[in-house]
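Asks: Here is my input, please return the structure:
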Amino acid sequence: MNKFSGFCDLCVPLSSSSKDMLEILKELQELGYKNVAIEQIYDHINHPGDKKNDPIPVAADLSLFSKHLKGHLRLLNRLTIIYADASITVLTSRSTNLRRYNLVSVIPTTEEAFQHACQTMPCDIISYNSDSIRGRMSRKYYFIAVHRNIMFEIKYAPAIASSNDRKDTINRAHRYHSYGKSKNVIISSEARHRFQIRGPYDIANLGLIFGLSEEQSKHAILGAPRKILTAADARRHGKAGVVVSYRNKAIDSDDYSDSELEEPSSDDQEESEEDSDNLRIEEPPKKVAKIDES
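Replies: Reported below is the predicted structural model:
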């Protein structure tokens, strides 16, 4: 059974103020969200780290927020990595802090990094920031990422706060449509204030501006996030998901109908003929008495 049910917002930046963070989470709860990912950022470009220490930040403890919300909202840890080259793979492969996050998102700032994210990087979401929102993409690598079950993210809160960000967000969303027909697209908030949050049905209508159909807009906040959460959970625990479907009447290939059972097959007829030939008893020759004529 899928434990990730309901609407999802997979990008809420971690605030330094616990009061502001709790207000955002309460607003999300009131609007009907069930799964929320709290985002922490690691900038590999400016803080590459060293071999001795783990530069990836420790996942935040969300138990205090869960206690205030009384368990009505599932809170998840999300890490967003900003990087420019493939050397990030060495760091992520030996990081112990990375395994504590439920979701791993990447922001590739170069074309080389975008290709690496689509093809090799063990991540769940490909996102963007103000510096990389106009970065080049490739249709070939877009579908490679789709095949690997990686999601492409659209953030609506910056589009509400700034007109320039609105143009860039719409441009990014339309490129998702032109390159990959908006496949594997999710819509998140990246809300830094409670007034920037919108309800699930408002986002479904907002998706039309981003080049999504009505069905794709609903899938971007419901079906696609649950799919990636399930896949990310399996990746962390080394498990594979199994889908079990039930049918009213199972048909076995070895089952036969009554008419087929009554009708003898050609093989059975040949075998019966051979058996009848083998079982045919030959009568011994009759003895004829000799008559002595003398």
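Asks: Tell me the confidence at Met137?
Replies: Predicted confidence (pLDDT) at Met137: the value is 88.
Asks: Identify the residues contacting it.
Replies: Counting by CB atoms under 8 Å, 6 or more residues apart in numbering, Met137 touches 114, 175, 179. The C-beta positions use only the backbone N, C-alpha and C, and glycine is treated the same way.
Asks: Mind checking the pLDDT average for stretch 185-196?
Replies: 94.
Asks: Return the distance of it from the chain's centre.
Replies: Distance, stretch centre to chain centre, for stretch 185-196: 20 Å (CA atoms, centre = their mean, to the nearest Å).
Asks: hey, where'd the helices end up in the protein?
Replies: Secondary structure of the chain (DSSP state H): helices located at 18-30, 63-69, 88-94, 111-119, 139-147, 157-161, 163-180, 200-206, 214-221, 223-237, 258-262, 266-278.
Asks: closest to Phe4 out of these?
Replies: helix 223-237 (4.4 Å; CB to CB).
Asks: Tell me the helices and strands packed up against the closest one.
Replies: Using 3 or more CB pairs under 8 Å, 6 or more residues apart in numbering; DSSP states H and E, the elements in contact with helix 223-237 are strand 7-13, strand 33-43, strand 103-108, strand 151-155, strand 185-188.
Asks: between these, which gets nearest to Ala86?
Replies: strand 103-108 (10.1 Å).
Asks: Would you give the sheet partners of the closest one, along with the direction of each?
Replies: Counting by DSSP bridges, the strands paired with strand 103-108 are strand 74-83 (parallel), strand 125-126 (parallel).
Asks: Spatially central, which residue of the protein would that be?
Replies: Most central in the chain under CA atoms, centre = their mean is Ile228, positioned 2.9 Å from the mean C-alpha point.
Asks: that older thread, which one of the contacts of Met137 has the most neighbours?
Replies: Using other CB atoms under 10 Å as the neighbour test, the contacts of Met137 are led by Phe114, with 24 neighbours.
Asks: What distance do you get for it to Leu79?
Replies: Using CB to CB, to the nearest Å, we find Phe114 at a distance of 18 Å from Leu79.
Asks: go on, Gln115?
Replies: In terms of CB to CB, Gln115 sits 21 Å off from Leu79.
Asks: neighbour count winner among these two?
Replies: Leu79 (25 against 20).
Asks: Next up, the contacts around that one.
Replies: By CB under 8 Å, 6+ apart, the neighbours of Leu79 are 39-42, 56-57, 59, 98, 101, 103-105.
Asks: Put the buried members of those residues into a PyMOL selection.
Replies: A single PyMOL command selects the buried members of those (16 or more other CB atoms under 10 Å):
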select buried, resi 39+40+42+56+59+98+101+103+104+105
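Asks: can you put the contacts of Leu79 in JSON lines and add distance to Glu215 and pLDDT?
Replies: Formatted as JSON lines, the contacts of Leu79 follow (distance: CB to CB, whole Å; pLDDT from 0 to 100):
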{"residue": "Glu39", "distance to Glu215": "27", "pLDDT": "97"}
{"residue": "Gln40", "distance to Glu215": "32", "pLDDT": "97"}
{"residue": "Ile41", "distance to Glu215": "32", "pLDDT": "96"}
{"residue": "Tyr42", "distance to Glu215": "35", "pLDDT": "96"}
{"residue": "Ile56", "distance to Glu215": "37", "pLDDT": "93"}
{"residue": "Pro57", "distance to Glu215": "37", "pLDDT": "93"}
{"residue": "Ala59", "distance to Glu215": "34", "pLDDT": "95"}
{"residue": "Leu98", "distance to Glu215": "34", "pLDDT": "93"}
{"residue": "Tyr101", "distance to Glu215": "30", "pLDDT": "95"}
{"residue": "Leu103", "distance to Glu215": "24", "pLDDT": "95"}
{"residue": "Val104", "distance to Glu215": "28", "pLDDT": "96"}
{"residue": "Ser105", "distance to Glu215": "25", "pLDDT": "97"}
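Asks: for the contacts of Leu79, which one is nearest Arg166?
Replies: Glu39 (20.8 Å).
Asks: before we move on, back to that, in a markdown table, list the helices of the chain along with distance to Arg192.
Replies: What follows is the helices of the chain, written out as a markdown table (distance: least, CB to CB, whole Å):
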| stretch | distance to Arg192 |
| --- | --- |
| helix 18-30 | 8 |
| helix 63-69 | 16 |
| helix 88-94 | 26 |
| helix 111-119 | 25 |
| helix 139-147 | 27 |
| helix 157-161 | 7 |
| helix 163-180 | 12 |
| helix 200-206 | 17 |
| helix 214-221 | 19 |
| helix 223-237 | 20 |
| helix 258-262 | 69 |
| helix 266-278 | 76 |
